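*Asks:* Please find the sequence and the predicted model below.
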Amino acid sequence: MPEGYEITTKPHPTFYFIGVTTSKSSIMKVFPLWMKEIGRSEVVIEGMDCKIHDGAEVYRRAVAQIKHDPLSLGALVTTHKIDLLDAARDMFDYLDTYAQICGEVSSISKRNGRLEGHAKDPISSGLSLDAITGKDYFKRTGGDVLSFGAGGSAIATLLHLMNKQDKGDRPRRFIFVNRSQGRLDHAQAMVAGIDTDILVEYIQNADPVRNDAIMGEMPPHSVVINATGMGKDTPGSPITWNGILPLHAIAWEFNYRGELDFLHQAEAQVTSRDVKVEDGWVYFVHGWTQVVAQVLHFDLSASLFERLNRVAETVRAK
C-alpha cells in the first residue's frame, strides 16, 4: 500500500480524466475513436470526478494510483490543476517549467519510471487564442484582455501573451476579475517574476453587476474571457443579461458544454455590438491532444492533429 493508499491493479492500459462531471464530456466518445486512429485501441479512458477544491487526500490518492499501478498510464486534469499540484507536489519526480511557473499540472504522465507533471495550458490556450485573433491583433485593434476567472487556464493565457516576441501580439493591459482573493494572489505571484510590458490588474469581485461595469469600461476590440467555469461546473454567468460587451469585442467562452450562459449572452450581441463569439471547442481539442500525446509518448505533428480534429468533429456534429 504505497504512501498509505490502496492501489487498484488495472487490467487494461488506462488513461484517467480528473475533472468534475467527466461522464458528460465529449472526450468519452472522442477518446476511443482517437485510440483507433493512432492504433492504440487497447487504451481505455476512465473518469475521476472530484469536488471543486476537494480535499488534499482525494488528489493524493488519484496521483498515487497513477504512480504505482503499471497500467495506469497518466491523466488529463481540468478544474483541479492548481489544487492537485498543491496537494501532491512531493509525489512528482519532474515538473516542467510551465508547471513550476503556473503552479499547476494539466498532464500527469510516466517516463522511465518517474512521474512527470506538465502544464499544457500555455501551449493549448495559446494555439487556440492565436487561431481566434490572428497576427498583430492588439496592434491592429488597440483592444485589451478581460478575464473573468483567474484559474490555471486564465493564467496560462496571460503567460502565452507575455511570451509573444512581437509587441503587436501583446495587449497593453490584461485584467483578472475573480471571486476569491487566493487565485488573484497566485496569479500576481507568478507575474511578479516575469519581465513584461503588459499592465496586469487584479480585481476581487463576485458581483455580476460590477462585472458589467468593469466590462463596460473596456476599449473596443477587447477580448473578454469567461474562465470561471460558470455555465458548466457551476450555474450562471459572471455577467448579467444587462452587461454590454465592448464594440467589436471577441467573447471567448472557455467551455464548449453546459448551459453556457455567458456564450448565449454574447451571442445576443453579435449584431448590435459586432461581437465575435468563440466557444471552447478548439481549446478542448488542442488541450486533449497535447496531453494524450504526452501520456502515450507520440509526436503530435500538424498533420496528425488535423486527423484527430476531424475525428473529434464527427462526435460534435451528432
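*Replies:* Nice, I can see it.
*Asks:* which stretches of the stretch 101-250 of the chain form strands?
*Replies:* Assigned by DSSP state E, counting those that start in this stretch, the stretch 101-250 of the chain shows strands spanning 107-111, 114-118, 145-148, 173-178, 199-204, 223-226, 250-253.
*Asks:* Identify all contacting residues around the first one.
*Replies:* The list of residues contacting strand 107-111 from outside it, by Cβ atoms under 8 Å, 6 or more residues apart in numbering, reads 16, 63, 66-67, 73-77, 115-120, 290-291, 294-295, 297. All C-beta atoms are positioned from the backbone trio N, CA, C, and that covers glycine.
*Asks:* Could you do the last one as well?
*Replies:* With Cβ under 8 Å, 6+ apart as the test, strand 250-253 has contacts from 129, 132-133, 143, 221-226, 231, 245, 260, 262-263, 266, 269, 275-280.
*Asks:* about what we covered before: can I get the strands of the stretch 101-250 of the chain in a markdown table with distance to residue 48?
*Replies:* Listed next are the strands of the stretch 101-250 of the chain as a markdown table, based on distance: least, Cβ to Cβ, whole Å:
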| stretch | distance to residue 48 |
| --- | --- |
| strand 107-111 | 11 |
| strand 114-118 | 16 |
| strand 145-148 | 27 |
| strand 173-178 | 26 |
| strand 199-204 | 31 |
| strand 223-226 | 25 |
| strand 250-253 | 25 |
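*Asks:* Relative to residue 313, which of those is closest?
*Replies:* Comparison of those against residue 313 by Cβ to Cβ identifies strand 250-253 as nearest, at 18.4 Å.
*Asks:* Name the residues that touch the helix or strand following the closest one?
*Replies:* Next helix or strand after strand 250-253 toward the C-terminus (DSSP states H and E): helix 261-267. Around helix 261-267, the neighbours that count as contacts under Cβ under 8 Å, 6+ apart are 148, 224, 226, 230-231, 235-239, 241, 243, 245, 251, 253, 275, 277, 279.
*Asks:* In helix 261-267, which residues are buried?
*Replies:* Neighbour-count burial for helix 261-267, counted by 16 or more other Cβ atoms under 10 Å, picks out 261, 262, 263, 265, 266.
*Asks:* One more: stretch 221-235?
*Replies:* Along stretch 221-235, these residues count as buried under the neighbour rule (16+ other Cβ under 10 Å): 221, 222, 223, 224, 225, 226, 227, 228, 229, 230, 231, 232.
*Asks:* for the residues you listed, which one is nearest residue 39?
*Replies:* Nearest to residue 39 out of the buried residues of stretch 221-235 is residue 232 (Cβ to Cβ; 32.5 Å).
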